[in-house]
Structure formats: C-alpha cells, structure tokens
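Chemist: sequence and predicted model, in that order:
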Amino acid sequence: MLSPAASPDSFLEKTTAQLQYLTQHPDLYHQTVVAEARRELRRRGALVPNSVATAATAPDAAADVAYQADEPASGRRWWPAAAAGLVVLAGLGWWSLRDTPTNTPTAPAHQEPIVLEAVKAHLLPSFEREAANQMGQTHRLLPAADRADTTAAGRYGRMARRYWLAENAAQHLIAQALGDSTTDVFADQAGIGLERVNWFMRAKAYDQHLTAEMESRLDLMQRGLELRRTMLQTLRSRAEAQHPLVDDGLRHDQQEALSISQEVLGHYGKGRAIQGRMSDL
C-alpha cells in the first residue's frame, strides 16, 4: 500500500499496468505517488499515458521535493485522496490475484534412505616402528670408532631410516603381487613406494662426510633399492595396463633384494662379511 512516504522499492514491485493506472488517475493520488509511478515507468521504458504526458515540469519537481521531505501540514491536505487511493490499490491487488491458479501442495515423493556401501580402505603402512628397530640393529653393527663419531653416526642413522622405510614398503607391495592379493589401488601404492626409494636415492647423491665403513654400508643399501625401484616400476606399469604382474625375472630380483636387506642387518650368507662387526661390539 502506497503513501507519500513509501519506499521507492515498493514501486519496483508493481507491474507496469498498475503503475500506468496510477498515472492515469492523478486526481485520486497524491502528486508524489503519481510522480514516482511516472518515474518508474520511464525507467522501464514504458510509454507514459497521454493524460499525464503533458503535465508541467514544475509540479514534477515539486513532487520530488515533497517526496524527500514531507511536512505535517501537507499531510492534512492530501490524506482524503490518499485514503481513496489505498482502497483502489487494494482492489487492484485483489483483481491481479483473483485469476492466479492455486497450487495445491503435493506431498514429496517417498524416497528410500540412501544406503552407503562399506568401503574397505587399503592403506600403505608407514613402517616407522619397524624402521626404528632396524635402525638400532644397523647402528650396533658399526665399529666402535664409527659409533663414537656422533655427527657421522647421526647422518648414517638418518640414511638408514630412509632405506628401511623404502625397503619395508617395497617388500610389502611385492609380497602382495607374489601372493596375488593386490587391490585396486596397487598401482598408486607402488608409486608411493617409488617415492620412498627416490627419497633415499636423492640423499645418497650428496657427500655425507661419513666413514669408509658407513659409506660401504650405504652402497649396499643403494644396490638393494635399485632393485626395488626396477621392480616397483615394472609392477606399477603392469597393474595400470592390467597385465600379469609376476614373472621369473621379478622373482629373481626379489630374492636378491631380500638377501641384501638381510646383509644390511648382518645376516649375510654367501656375501662378504661386514667387517668390524664382532670384535668392536
């Protein structure tokens, strides 16, 4: 319902026909209401009816002033016309709504609750605990003089940790392939195993300033992880192509890599004995 102090936004909600009705009956409404309706019609690009198109510019300007600041005295002059206008607007509102079809709310379709299927996660273990125990064993195998060099021994220990994290992950994945127990995420997990191998290889490329015995042991670790890298790359490619994973070559490399990992722990067989292992304990 309009009044001289109504918000201009209320005119935005009126249809063009309703605004034109206001401008066609200026005698029923306050001049501010008529002026604002005419202004909104111009904004929409609708033609202003001829009955008001010839109105003088001065009253329109006066309406602008009245719209911005109405005085109580002016209210006493226009309120009868405004009251009649409100009645007409109410009638227009009823007329515009009477043919509107009534939408009968429909009951929402019954939907069965969503059933979430259980998905078994196949995570690649971190092997941190296993690596910590294996690091202790490799550290105890160092000669006493090497263990006394705490700086070099600390660097060697960090390299040994990288080796065992990569070796344990590779053993885990290759055992899955040999046991035909791989999962749909095997190729991705093989990629993670390769990242751990490369983590050791990148550090091994730098001079760690270690003792000769430590460097010899790291070379052995590197040889074992080179086998693991070749095996994991082959397994990942075959898994992605959905080809058979295991062949005789992979079984041979597996035995050699396992033998090296045992040698790193001091359980060597036909290989060279790790020097300084017994006399310096």
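Modeler: Happy to help now that I have it. Residues are numbered from 1 along each chain as shown.
Chemist: residue 211 is in contact with residue 149, correct?
Modeler: Yes: assessed by C-beta atoms under 8 Å, residue 149 is found in contact with residue 211 at 6.7 Å. The way it works is simple: take the backbone N, C-alpha and C, and place the C-beta from them, glycine included.
Chemist: right, and the helix or strand after the stretch of helix or strand residue 174 belongs to?
Modeler: Following DSSP states H and E, the helix or strand that holds residue 174 is helix 150-178. Per DSSP H and E, the first helix or strand lying C-terminal to helix 150-178 is helix 186-204.
Chemist: what residues sit buried inside whichever helix or strand comes after that next one?
Modeler: Moving toward the C-terminus from helix 186-204, the next helix or strand (DSSP H and E) is helix 212-241. For helix 212-241, burial by neighbour count (16 or more other C-beta atoms under 10 Å) applies to 213-215, 217-218, 220-222, 224-225, 227-229, 231-232, 234-236, 238-239.
Chemist: and for stretch 179-190?
Modeler: Of the residues in stretch 179-190, those buried (16+ other C-beta under 10 Å) are 182, 186-187, 189-190.
Chemist: ok, now stretch 143-151?
Modeler: Those would be 143, 146-147, 149, for stretch 143-151 by 16+ other C-beta under 10 Å.
Chemist: just the ones of those in helices?
Modeler: When those are checked against helices (DSSP state H), the matches are 146-147.
Chemist: can you put the buried residues of stretch 143-151 in a markdown table and add distance to residue 260 and pLDDT?
Modeler: Output for the buried residues of stretch 143-151, formatted as a markdown table (distance: C-beta to C-beta, whole Å; pLDDT from 0 to 100):
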| residue | distance to residue 260 | pLDDT |
| --- | --- | --- |
| 143 | 21 | 97 |
| 146 | 20 | 97 |
| 147 | 23 | 97 |
| 149 | 25 | 96 |
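Chemist: could you work out the most separated pair of the buried residues of stretch 143-151?
Modeler: 143 and 149 (10.1 Å; C-beta to C-beta).
Chemist: low pLDDT regions in this structure?
Modeler: 1-11, 46-122, 269-281 (pLDDT under 70).
Chemist: domain parsing for it?
Modeler: Using automatic domain parsing, the domain ranges for the chain come out as 9-93, 128-264.
Chemist: what about residue 134, how many neighbours?
Modeler: 21 (other C-beta atoms under 10 Å).
Chemist: one step back: residue 137: which of the buried residues of stretch 143-151 is nearest?
Modeler: Among the buried residues of stretch 143-151, and counting by C-beta to C-beta, the member closest to residue 137 is residue 147, at 13.1 Å.
Chemist: how about the nearest residue to that closest one, chain neighbours excluded?
Modeler: Distances taken as C-beta to C-beta, 6 or more residues apart in numbering place residue 153 nearest to residue 147, at 5.6 Å, with adjacent residues excluded.
Chemist: what's near enough to touch the one you found?
Modeler: Contact partners of residue 153, counting by C-beta atoms under 8 Å, 6 or more residues apart in numbering, are 139, 142, 146-147, 214.
Chemist: now these in JSON lines, with distance to residue 133?
Modeler: Shown next, in JSON lines, are the contacts of residue 153 (distance: C-beta to C-beta, whole Å):
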{"residue": "139", "distance to residue 133": "11"}
{"residue": "142", "distance to residue 133": "16"}
{"residue": "146", "distance to residue 133": "20"}
{"residue": "147", "distance to residue 133": "18"}
{"residue": "214", "distance to residue 133": "19"}
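Chemist: OK, contacts around the closest residue to residue 187 other than its chain neighbours?
Modeler: Nearest non-adjacent residue to residue 187, counting by C-beta to C-beta, 6+ apart: residue 239, 4.1 Å away. Taking C-beta under 8 Å, 6+ apart as the criterion, residue 239 is in contact with 182, 186-187, 190, 245.
Chemist: check the residues you listed against residue 175 and report the nearest one.
Modeler: Nearest to residue 175 among the contacts of residue 239, with distances taken as C-beta to C-beta, is residue 182, at 10.1 Å.
Chemist: the closest one and residue 257, how far apart?
Modeler: 18 Å (C-beta to C-beta, to the nearest Å).
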